[in-house]
Structures are given as structure tokens and as C-alpha cells.
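S.K.: Just the structure for this:
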Amino acid sequence: MRWDALFADLEAQLYAAGQLALESEANERARMDQAALTLADRLRGQPGAALRVRLAGNLVFEGRLAHVGSAWIVLDEPARSVLVALAAVRLVEGLGRTAAAEASGPPRLGLGSALRALARDREEVMLYLSTGSDGGFHTVAGTIDRVGRDFLEVAA
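M.R.: Now for the predicted structure:
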């Protein structure tokens, strides 16, 4: 009887150690998956979410998430739509817990593609430009004339 109890105890300890190792591995994989997520992935998992997006210079936009590109988002505010470059984002409030990695298939449009579409349609735009380390911003209104690889020209 004593041997049965000893072996039962050893088997229980072995099982518990195996379960602990399995849980540890699952937790590590979850951390690795989280580490691979981008801000765009997090935003793709939140279609239609009411977000508050803060940029440099305490510039804040609030609206519903309408589109997510590879490096930009569009927020629908009550009076306008706002195209925001993800590189300018300092804080996003209102995100839920879900994320959606980019699906295989055609790649998402870059910021240049979105800007070229605005230029093609001759849409009136308001640009908010960071003034540098002072944390301020400057606005420019007009239409986008030309979009290059790392610049755009605006007819004010």
C-alpha cells in the first residue's frame, strides 16, 4: 500500500510539472505573438471603434476608425474625415483588446497611395505639420499637387 501511494504521488508530481511546462510554453508563445504585433495590427482589429488619437503638439483627433492602411488611418469625425500617419501618433485611446494581423493577399496601401488619391481627386486638405522639438504645429490648407516618395507639394 505504501508503494502505491509513493508511485501515485510521483505520477501526480510529474503530471503537475508537465502541466506547468505546457502553461509556461503557451504563455511564452502568447508573449511572442504580442511582441510581433504592430500598431496597424491593433487598429485593424478595431473597425468602427471610437478613438481619440493624440499627435505631437497635443494635437488630438476624435472619431470612428474608418480605414487602416499600412502606415495610416482614417478617422471619421462628425464634420470631416482625418487621415493620420501612424508615424505621427503618440497615443491612442479607446482601443479594445482585439488585433488583426495583415491578411495575406494584396498589400495594404501606403501613405503615398492615400495622398496620391487625394491629389488625383483635387480634394481640399488641411495639413497639420509638426514644428519640431517645441511640440507645436503649423497648418496649411490647400490641394495636393504632387506626391513624391518622401514629399508632397500643396497649392495653398
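S.K.: what comes into contact with the helix or strand hosting Val84?
M.R.: According to DSSP states H and E, Val84 maps onto strand 81-85. With contact meaning C-beta atoms under 8 Å, 6 or more residues apart in numbering, strand 81-85 is reached by 53, 55, 61, 63, 66, 71-75, 111, 114-115, 118. Where C-beta positions appear, they are placed from N, C-alpha and C, glycine not excepted.
S.K.: in this protein, which spans are strands?
M.R.: 50-55, 60-68, 72-76, 81-85, 89-93, 124-130, 137-147, 152-155 (DSSP state E).
S.K.: Do me a favour and average the pLDDT over the shortest one.
M.R.: Averaged across strand 152-155, the pLDDT comes to 92.
S.K.: contacts for that strand?
M.R.: Leu115, Ala119, Val125, Leu127, Val140, Gly142, Thr143, Ile144, Asp145, Arg146, Val147.
S.K.: now do 10 Å
M.R.: By C-beta atoms under 10 Å, 6 or more residues apart in numbering, the residues outside strand 152-155 that reach it are 111-112, 115-116, 118-119, 122, 125, 127, 140-147.
S.K.: In ChimeraX, select just the buried ones from those residues.
M.R.: Buried members of the contacts of strand 152-155 can be picked out in ChimeraX with the line below, counting by 16 or more other C-beta atoms under 10 Å:
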select :111,112,115,116,118,119,125,144,147
